[in-house]
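1. predicted coordinates and the sequence they were generated for:
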Amino acid sequence: MDPSASGGGYRAPDLDSLLECPIQAGEPSAWPSGRGHRKANSDGSAISEVSSVFGDTSRKEKRRSLSATLGEKAFKSPILTKSNITSTASRDMQPHEIIDQRAEMTATWGIYWYLPSLMVAVFIAGLIGALGHHAFYKALDGRRSVNQLSMIRIGTAFAFFVKANLVGAIVLAYRQRIWLTVRRKPMRLKAIDALFGVIEDPTFFLTTPEMIMNSKVASVMAVATWLIPIASVLSPSSLTSEVSLIHVDGICKVPVLNFAAENDYNFETATEFFGNSLAFYNYTDMINRTGNSTYDMPSYRGQRLEVQAIYNNGPVGPPDTPCEAYNCTYTVTMPGPGYKCENVSEDSVLYRRMPQMVRKENLAPHGMYLYYANVTNGDFLRPQNKSTSDPQNVDSDWIVGTFLYEPEIWIGYVVDTGEKLPEPIVVNATDEDRTVTNEWTTKLEPITFHCAYYHVNYTFNVSFVNTQQRVKVLKVDYLRPVIDTIYGDPDPRGDGIILPDSKNFIRPGQDDYKLTAVYHSIGARLRRFLNGKIYIDKNVPYTMSEVSMTKLVDQKTSFTIPNLDEGVKELHEDILITLWGASNLVISKKEDVPCKMSRYSNRFKYYAQNLWIGYSIAVAVTLVSIMVGAHSLGSNGISSDTLFSRILVTTRNPTLDHLSRGACLGSDPFPRELEETKLRFGVLREGGASNVTGLGFGGMEGKPGHCAFGTIHETTEIVKGGLYAGLPLPRSRGGLGSLDLDNDSTSDEEEGGEDIFYDLEPEEERKVPLLACGKDRQGGSNY
């Protein structure tokens, strides 16, 4: 090359150019090759003969010899500098140093610990993530539904974490499987592409059936990597927010009745308002307004509450629930008054004391009455005086306000059974006021009963549902009569009556006088509603009793309810329940009782089966895939991957170089003829050997074989434990084809010179002539 063409000097080659550009056959070489010596003329002056660089002299000696031969000024080129070779002592090894180091190495068998450990580790991480997801949702189950979006996001994060780890474990196992597959089965390049890319592009399942046919197990594993993510969609749906009934045990402050508080109430000495009493009182000495308080009548406040309960056809609850925002249920026990009722038959002891008009002969169908009640015998009368209050002269020590008796309830009533009579019957009935005629077509049943007033212990079950009170009487214990006397008890020895024991009378000033007065006032108002009669004339009912305003009477027929005795007791209980709902009475009291509270609330609901259906399948498939991967690792004898570096070292085959000519850019569309070429990963039959067994000898006796992708005819199966290294070092005719600067293979005597190539000063590096690089692409001349 003319020096003037480059500005009066030669362009110095860099080291890579010298190593990688062989001299073409028939061309003069400017660099020693083989064992001989050659000359290169560049500017008309001859370069001294240079010994071969393959001598046994050291690198440093070679560098000094080459420097002396070519001249110090020839190596000043900025293209070849020390910094291009190694800038610092810590720089990575240069390619020629790596070649020198690995020249005698062979492939190593054995399963490196990292990949199997990683495969198991990510599987365990996915399993832990699934358990963590379950534990997280389990902790939320039943809790108040707050921050729903955040909770769902956390659950979704768990799901994707599990999905990522399980899919990652399958992918790692899948990579081991495909290496086993490409060893055993030759496939078209297109199918191998699909095998390596199907976990990223699912269309390969449709476009490359050969992949599925030749690698069924690997294909199933690939399918799993695409289906497992479905679990990340289904699993968050296992946690929902539902309206649920929540139960809580607590303490409720509930209203009860403390009737004993009436005994301590004294309107005479009261300095502040403690609440309304259920009874009005007078002084014993009304003129001087002195003496003990004496009962007068039911208080207006008490009458109002009783009437409210009766007209309401049920108890009136408190205005506020004691359970705040909850529904609640509790049980409360308290003392109070109550009626003890029993039926009266003609052969009973009570029948002798029963008032005449209540008896069955005066009731329909033989009599005119549908209902008759006598509830005033022995009643406390107003105004109080000896003649009216003690007509039977039973109390010689009578004083104003004494309770001699508590009136009993005597009631006769008729029940229409609805049973048709064979023939209608016509009945004429007469009492002291009138005569009636009735025609009956159904069977009527007269019933009589008696009720006495008692001290009672009640056990109530109380519930508040949506602030509405519901009360059920669980138990009634009858203790003793309110006043233990009997009015008009006939003396069986004669026509008189049995006188009551005067010690049972309740007199003003006694301890329980006001308690008895309150009980009496409650019963008095109820008896006022019960008193009276209902009769029928010409089948038209007439009422002369306020009982018709209560729930005890059918408003359509004027017949009473069938079990009237139970109805009377229930009506009295309605009055008591209404009283405890009033908070401004003397007897009103709050009491702490255990209660069961409940309410409907938005709560997290965790359906564990929905979570584990997806996760259990995913975990099982992943576990099987890991087992397949472990088997593949054992069969391969090594652990590998699909990284570029693994593809690089497994495709070192001259045949593939020739096949891929014109496709080195890897651009689309890929040549179809290449896609149709069948390849296998095996041992190359080098040197045309046809009897290679795969034990490591690639056709060259005594040398390791080379494993790479190749055509069916040039490869044989890899044998586990065989001796494999790689392609032999290339030898090029007449050039640098076998140049190995790092392998001193000849002695200094054979070389006759030294390689000083690496010991150049910066000024010398700039003028190194470009030697042995073949043809000039533009000028066509030798460098």
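-> The structure has been received and is ready for your questions. Numbering: from 1, shown residues only.
2. the strand of greatest length in the chain: how far from the chain's middle?
-> Using DSSP state E to define each element, the chain has its longest strand at strand 435-465. Chain-centre distance of strand 435-465: 55 Å, with Cα atoms, centre = their mean, to the nearest Å.
3. kindly report the same for stretch 477-493.
-> 67 Å.
4. and that stretch, what's its mean pLDDT?
-> In this model, stretch 477-493 carries a mean pLDDT of 85.
5. do the same with stretch 519-529
-> Per-residue scores along stretch 519-529 average to 94.
6. would you mind confirming that Arg301 makes contact with Gly275?
-> No: Arg301 lies out of contact with Gly275 (Cβ atoms under 8 Å); the separation is 9.1 Å. C-betas here are computed from N, CA, C, even on glycine.
7. intersection of neighbour lists for the two?
-> With contacts taken as Cβ atoms under 8 Å, 6 or more residues apart in numbering, the residues that reach both Arg301 and Gly275 are Leu585.
8. mind checking how far Glu675 is from Leu257?
-> For Glu675, the distance to Leu257 equals 96 Å [Cβ to Cβ, to the nearest Å].
9. higher neighbour count, the two?
-> Leu257 (21 against 15; other Cβ atoms under 10 Å).
10. count of neighbours near Val332?
-> 20.
11. let me fix that: Ser117
-> 11.
12. what does Leu679 give?
-> Neighbours of Leu679 (other Cβ under 10 Å): 25.
13. spatially, what comes nearest to it if we skip its sequence neighbours?
-> Phe709 (5.0 Å; Cβ to Cβ, 6 or more residues apart in numbering).
14. my read: that neighbour touches Asn653, true?
-> Yes: using Cβ under 8 Å, Phe709 makes contact with Asn653 at a distance of 6.3 Å.
15. hmm, Ala135 and Gly155 touching each other?
-> No: using Cβ under 8 Å, Gly155 makes no contact with Ala135, being 11.5 Å away.
16. ok, now which ones touch the closest residue to Val400 other than its chain neighbours?
-> Sequence neighbours aside, Gln384 is the residue nearest to Val400 in space, at 4.5 Å (criterion: Cβ to Cβ, 6+ apart). Contacts for Gln384 were tallied using Cβ under 8 Å, 6+ apart; they are 294, 400-401.
17. dump these to JSON lines, plus secondary structure and neighbour count.
-> JSON lines is the format used below for the contacts of Gln384 (DSSP: H, G, I helix; E, B strand; the rest coil; neighbours: other Cβ atoms under 10 Å):
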{"residue": "Thr294", "secondary structure": "strand", "neighbour count": "21"}
{"residue": "Val400", "secondary structure": "coil", "neighbour count": "20"}
{"residue": "Gly401", "secondary structure": "coil", "neighbour count": "24"}
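18. what's the lowest-pLDDT member of the residues you listed?
-> Out of these, that is Val400, at 83.
19. correct me, but that residue touches Pro508?
-> Yes: contact criterion Cβ under 8 Å: Val400 and Pro508 qualify, at 7.5 Å.
20. rewinding a little: each with direction, which strands does the longest strand of the chain pair with?
-> Paired neighbours of strand 435-465 in the sheet (DSSP bridges): strand 327-343 (antiparallel), strand 409-430 (antiparallel), strand 468-481 (antiparallel).
21. list the buried residues in the longest one.
-> By that I understand strand 409-430. Buried residues in strand 409-430, defined by neighbour count with 16 or more other Cβ atoms under 10 Å: 409-416, 429.
22. and of the residues you listed, the nearest to Leu140?
-> Val415 (59.2 Å; Cβ to Cβ).
23. the residue nearest to that closest one when sequence neighbours are not counted: neighbour count?
-> Nearest residue to Val415, sequence neighbours excluded (Cβ to Cβ, 6+ apart): Glu445, at 4.7 Å. Residues near Glu445, counting by other Cβ under 10 Å, number 15.
24. what residues are up against Glu445?
-> 414-415, 417.
25. just put those in TSV and tack on pLDDT and distance to Ala261.
-> Shown next, in TSV, are these (pLDDT from 0 to 100; distance: Cβ to Cβ, whole Å):
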residue	pLDDT	distance to Ala261
Val414	96	42
Val415	95	41
Thr417	93	47
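26. so what's the residue nearest to Arg184 when sequence neighbours are not counted up against?
-> The shortest distance from Arg184 to any non-neighbouring residue, by Cβ to Cβ, 6+ apart, is to Glu717 (7.4 Å). Residues near Glu717 by Cβ under 8 Å, 6+ apart: 183-184, 682-683, 694.
27. give the residue spans of the stretch 401-550 of the chain that score low on pLDDT.
-> 491-496 (pLDDT under 70).
28. cool, thanks, signing off.
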